[in-house]
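Peer 1: Build the 3D model from these lines:
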Amino acid sequence: MIEGLKIIDLAVHEDGRGWFKENWRADWLDFRPVQQNVSFNAARGTTRGLHAEPWDKLVSVAHGRVFGAWHDLREGSATFGETVTHEFGPESAVFVPRGVANGFQALDDDTVYTYLVGDYWSAQAQYANISLNLVDWPLEPVNVSAKDLATPAVAEPISPRRVLVTGANGQLGSALRRLLPDAEFCTHDEFDITDPPARNWRQYEAIINTAAYNDVDGAENDRARAWAVNATGPAKLARIAADNDITLVHVSTDYVFDGAKEGAYTEEDPVSPLSFYGAAKAAGDTAAATAPKHYVVRTTWVAGNGGNFIRTMMDLAARDVEPRVVDDQRGRPTFAEDLARAIVHLLEKKPEYGVYNVTGGGDAAGRDEIAMATFIAVGHDPAEVHPTPSAEYYGDAPHAPRPANSELSLDKITATGFTPQNWRVGLALYVALTP
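Peer 2: Numbering: from 1, shown residues only. Model (predicted):
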């Protein structure tokens, strides 16, 4: 059997007038048709195909019977090159996944063959046709088009739907490049999420939005820009995802909480941001959740390829600087490589859509403790780090308030089969691999 090809039994209700059937229901399949086509075949033996298009289709028969044939031309498919045949009439429908070549032969005169498709026909789309001679047809093929007669026995594979990653130069975007080498990565200059450029969105299966306005203090004064990037941008991506059957992955933050809770925040806890940055991110979460297929991934204190708290501590230690570090903010650092693996896991395993917390595993620790652990990892005395209350650290300098408790529960992501890396292990690896 070809992976993803589904033969659906339909209940046909017959009486003296003829028959009635339900030909399609939205709750049968993860399929959103946008166009219906009908093929009338006057003579038995009429044969069409095999045609592979870059969209899903649901084929059925309104009158007569057909001998259907399908050949998997999907690049990377587990069943690539396999062929399946099946005779059916009004009692069946067949779901044909994107990139599987479809063909049929009419077994009766006046056969009416219908199909719903998941995208609009376009001359610019990627098509792959393969010779109908692959199939042992029950009747001698007649009325075959010149184009089908000329189709070769070998066809170029249909490439998979694409994954788009926004914020390509950020810490998480850089980590995703290594895990998703075939994805499309866009920087802000190439793709502004507040004004997304037009493209054929139905050829994308996922958008991973790592783009964000991350200057927590700057957002207090640059509110229009912070809101546009962190709230309006995700709303526009959610609309694109909803309209085109795309999975949206939106990366969020612990700053949507006020930090007053005792213990770890779960995905069900109500948001209560302290800062404008947190408020804009919370609005972005709500907007992203309007996409039917969405994963809102909340994380904390990301460290990857670029500027971050742990890298700053490493640089200070290298310069023999003894930093003051706040001692009243607790959470877990998250390493970008581990966060990227969690996102790929969600897209591959497809657990229930919704909000997922993803941080480093292990014990929650204060920022001062994480700084000390970093100093130890680079061979310095942890006593060089000086724990300091936030009120003393910031003094009279204007700053956005931070949540005191940023610990996020990991039970939900763990239940999907993904185990976050202990942050202390991640720290050792990060220090060892960072030049």
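Peer 1: Please work out how many residues are found near G379.
Peer 2: When neighbours are counted by other CB atoms under 10 Å, G379 registers 8. Just so you know, the C-beta spots here come from the backbone N, C-alpha and C atoms, and that holds for glycine as well.
Peer 1: Verify the assumption that it is located in a helix.
Peer 2: No. The assignment for G379, made by DSSP: H, G, I helix; E, B strand; the rest coil, is coil rather than a helix.
Peer 1: Touching the lowest-mean-pLDDT helix or strand in the chain from outside, list them.
Peer 2: Least confident helix or strand, the chain: strand 128-129 with a mean of 92, by mean pLDDT, DSSP states H and E. With contact meaning CB atoms under 8 Å, 6 or more residues apart in numbering, strand 128-129 is reached by 49-52, 73, 99, 101, 147-148, 151, 155-158.
Peer 1: cutoff 6 Å now
Peer 2: For strand 128-129, the surrounding residues in contact (CB atoms under 6 Å, 6 or more residues apart in numbering) are H51, A52, L73, T151, A155, E156, I158.
Peer 1: from those, which two are the most distant?
Peer 2: T151 and I158 (14.8 Å; CB to CB).
Peer 1: Report all helices and strands that the helix or strand hosting H51 contacts.
Peer 2: Using DSSP states H and E, the element containing H51 is strand 47-52. Under the contact definition 3 or more CB pairs under 6 Å, 6 or more residues apart in numbering; DSSP states H and E, strand 47-52 sits against strand 100-106.
Peer 1: State the paired neighbours of the strand it packs on in the sheet, together with their directions.
Peer 2: In the sheet, strand 100-106 lines up against strand 47-52 (antiparallel), strand 66-72 (antiparallel) (DSSP bridges).
Peer 1: State the mean pLDDT of the strand holding H51.
Peer 2: What strand 47-52 shows for mean pLDDT is 95.
Peer 1: Tell me which residues are up against it.
Peer 2: Against strand 47-52 from outside (CB under 6 Å, 6+ apart): 71, 73, 99, 101-103, 105, 128-130, 132, 141, 144, 158.
Peer 1: What's the first helix or strand after that strand?
Peer 2: strand 57-63.
Peer 1: related to what we said a few turns ago, sort out which residues of the strand holding H51 are buried, please.
Peer 2: T47, R48, G49, L50, H51, A52 (16 or more other CB atoms under 10 Å).
Peer 1: Make TSV from those and add distance to R162 to it.
Peer 2: Output for those, formatted as TSV (distance: CB to CB, whole Å):
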residue	distance to R162
T47	33
R48	29
G49	26
L50	24
H51	22
A52	17
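Peer 1: among those residues, which two are most distant?
Peer 2: It's T47 and A52 that sit farthest apart of these, by CB to CB, at 16.3 Å.
Peer 1: Report the contact partners of the residue lying closest to A280 once chain neighbours are set aside.
Peer 2: Distances taken as CB to CB, 6 or more residues apart in numbering put N230 closest to A280, at 3.8 Å, once the chain neighbours are dropped. Listed by CB under 6 Å, 6+ apart, the contact set of N230 reads A212, Y213, A280, K281, G284.
Peer 1: So which of the residues you listed is the closest to V112?
Peer 2: Nearest to V112 out of the contacts of N230 is G284 (CB to CB; 48.2 Å).
Peer 1: does the closest one sit in a helix or strand, and which one?
Peer 2: Under the criterion of DSSP H and E, G284 resides in helix 276-288.
Peer 1: got a list of contacts for that helix?
Peer 2: 216, 219-220, 223, 226-227, 230-231, 234-235, 238, 248, 250, 252-253, 255-256, 271, 273, 294, 296.
Peer 1: mind redoing it with 8 Å?
Peer 2: Contacts of helix 276-288 (CB under 8 Å, 6+ apart): 209, 212-216, 219-220, 223, 226-227, 229-235, 237-238, 248, 250, 252-253, 255-257, 271, 273, 294, 296, 298, 355, 400, 403.
Peer 1: From T47, how far off is A146?
Peer 2: Note on A146: its distance to T47, by CB to CB, to the nearest Å, is 13 Å.
Peer 1: just D254 next, same as before
Peer 2: Distance from D254 to T47, by CB to CB: 61 Å.
Peer 1: In a helix, the residue nearest to A280, correct?
Peer 2: Yes. Assessed with three-state DSSP, N230 lies in a helix.
Peer 1: For burial, what's the neighbour tally of H13?
Peer 2: Residues lying near H13 (other CB under 10 Å) number 9.
Peer 1: Quick check, it in contact with K21.
Peer 2: Yes. H13 is within contact range of K21, at 6.8 Å (criterion: CB atoms under 8 Å).
Peer 1: Need the residues touching each of these two.
Peer 2: With contacts defined as CB under 8 Å, 6+ apart, no residue is shared by H13 and K21.
Peer 1: phi, psi of the residue nearest to A377 when sequence neighbours are not counted?
Peer 2: Excluding the flanking residues, the one nearest A377 by CB to CB, 6+ apart is V431, at 4.3 Å. For V431, the backbone dihedrals (degrees, to the nearest 10) come out as phi -60, psi -40.
Peer 1: Quick check, central residue of the protein?
Peer 2: A206 (3.7 Å; CA atoms, centre = their mean).
Peer 1: how far away is that residue from A226?
Peer 2: Per CB to CB, A206 is found 25 Å from A226.
Peer 1: mind listing the helices for this structure?
Peer 2: Applying DSSP state H to the chain gives helices spanning 146-149, 171-179, 223-227, 233-244, 276-288, 309-318, 336-349, 367-377, 390-394, 411-415, 423-433.
Peer 1: Counting neighbours, which bits of the longest one end up buried?
Peer 2: What that stands for is helix 336-349. A336, E337, D338, L339, A340, R341, A342, I343, V344, H345, L346.
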